[in-house]
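Novice: Okay, sequence plus prediction incoming.
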Amino acid sequence: MSLIKRLLILIAVVVVILGVLNLFTYEVIKVDWLSFMEIQPSFRPMEKPLPVPENSIPVEGAAYIPGMGAPVNPVQADGVSIERGRLLYDVNCALCHGADGKGAGSVAPFLQNQPADLTTESVQTGSDGAVFMVISNGSPGRMPALNENLTVRDRWDVVNYVRTFGP
Ligand code: HEC
């Protein structure tokens with residue numbers, strides 16, 4: 001075989017290989033490679049958010065893990081906390097529950113479900129965590145969830161203030 005002939009065969013082989021690769025490059029032969037971005041756990045606009053991954057903790061703290069029960073009050077009921085709680089209560093709660101917590105706030109007459117009396121034994125003997133959860137999640141159709149209005153610390157301050165309504 002002459003040198004030229006061998007060279008031509010080599011070129012032919014290279015051209016065939018490149019040609020075959022081009023079939024994939026220009027998607028004449030289409031392969032759904034698994035590295036495509038759309039094939040991944042993601043959610044599209046207007047779709048329900050994905051459930052929280054297992055063992056992850058919400059940025060606001062473990063108190064928000066569903067089914068974990070009521071959290072324990074980490075904020076000491078000192079003068080500063082109670083004073084902060086009073087200010088926050090007057091802004092966020094007094095309109096319904098009344099400044100004295102008895103449930104006769106200024107908008108109470110217009111509500112279908114009357115705001116609870118926060119001075120009662122059932123509220124006052126319950127745990128701080130239970131009151132915290134009511135503030136956080138509200139009561140469907142009756143009391144709004146205030147977790148977006150009050151930070152976690154704010155809510156504990158309000159809990160400490162609500163305790164001063166007790167006997
Ligand atoms: C829009 C009016 C409204 C606002 C604002 C509101 N609440 Fe309520 N709250 C209600 C109503 C109505 C109920 C009764 C819910 C029920 O019967 O299930 C209630 C129930 C509660 C309870 C449960 C009482 C029980 O018997 O267990 C607590 C505790 C409470 N509220 C605390 C608060 C605190 C603290 C704030 C402010 C951070 C607040 N609420 C803001 C209307 C309100």
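Specialist: Arrived safely, thanks for sending. Numbers count the residues shown, from 1 in each chain.
Novice: Give me the below-cutoff pLDDT ranges for the protein.
Specialist: 49-50, 60-67 (pLDDT under 70).
Novice: Could you report the neighbour count for residue 71?
Specialist: Applying other C-beta atoms under 10 Å, we find 20 residues neighbouring residue 71. Any C-beta I mention is one placed from the backbone N, CA and C, and that applies to glycine too.
Novice: Quickly find the element holding it.
Specialist: Residue 71 is part of no helix or strand when elements are defined by DSSP states H and E.
Novice: Could you tell me the phi and psi values at it?
Specialist: phi -80, psi 160 (degrees, to the nearest 10).
Novice: Kindly report the residues of this protein close to the ligand.
Specialist: Within the chain, the residues that sit near the ligand (C-beta under 6 Å from any ligand atom) are 92-93, 95-97, 111, 113, 115-116, 118, 122-123, 131, 134-135, 139, 142-144, 146, 158, 162.
Novice: I'd say residue 156 and residue 133 touch.
Specialist: No: using C-beta atoms under 8 Å, residue 156 is not in contact with residue 133, being 11.8 Å away.
Novice: So for these two, which residue has more residues nearby?
Specialist: Ranked by neighbour count (other C-beta under 10 Å), residue 156 and residue 133 place residue 156 first, with 26 against 18.
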